[in-house]
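S.K.: need the 3D shape of this:
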Amino acid sequence: MEQLVKSMPFYIVEYIDNKLDTRSLSILLNYVLDYKLFLEWLIAEGIAEQEHIKNIPLSILEKLK
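M.R.: Next up, the predicted model:
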């Protein structure tokens with residue numbers, strides 16, 4: 001999980017850090033896996049032009065309809 005979280009953008013890392021006390025690790029792992037799939041989809045669809053999911057800015061998510 002730790003390695004996977006390190007590959008996430010800062011805003012997801014902050015979210016996971018804030019939930020460590022209130023959610024189980026298995027739930028948080030599932031969240032991170034879902035975020036990973038979603039961020040990879042953004043790149044595959046050309047919505048995010050970054051090469052790595054870690055570099056996807058929050059502004060990309062803010063513009064989604």
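S.K.: list of residues touching the longest helix anywhere in the chain?
M.R.: Criterion DSSP state H: the longest helix present in the chain is helix 25-44. The contact list for helix 25-44 (Cβ atoms under 8 Å, 6 or more residues apart in numbering) reads 1, 4-5, 7-9, 12, 16, 19-20, 23, 48-51, 53, 56, 60. No exception for glycine: its C-beta is placed from N, CA and C like everyone else's.
S.K.: center of the protein, which residue is that?
M.R.: Centrality entry for the chain: nearest residue to the mean C-alpha point is Tyr35, 4.2 Å, by Cα atoms, centre = their mean.
S.K.: so how far is Arg23 from it?
M.R.: 14 Å (Cβ to Cβ, to the nearest Å).
S.K.: list the residues that contact both of these two?
M.R.: Going by Cβ under 8 Å, 6+ apart, no residue sits against Tyr35 while also sitting against Arg23.
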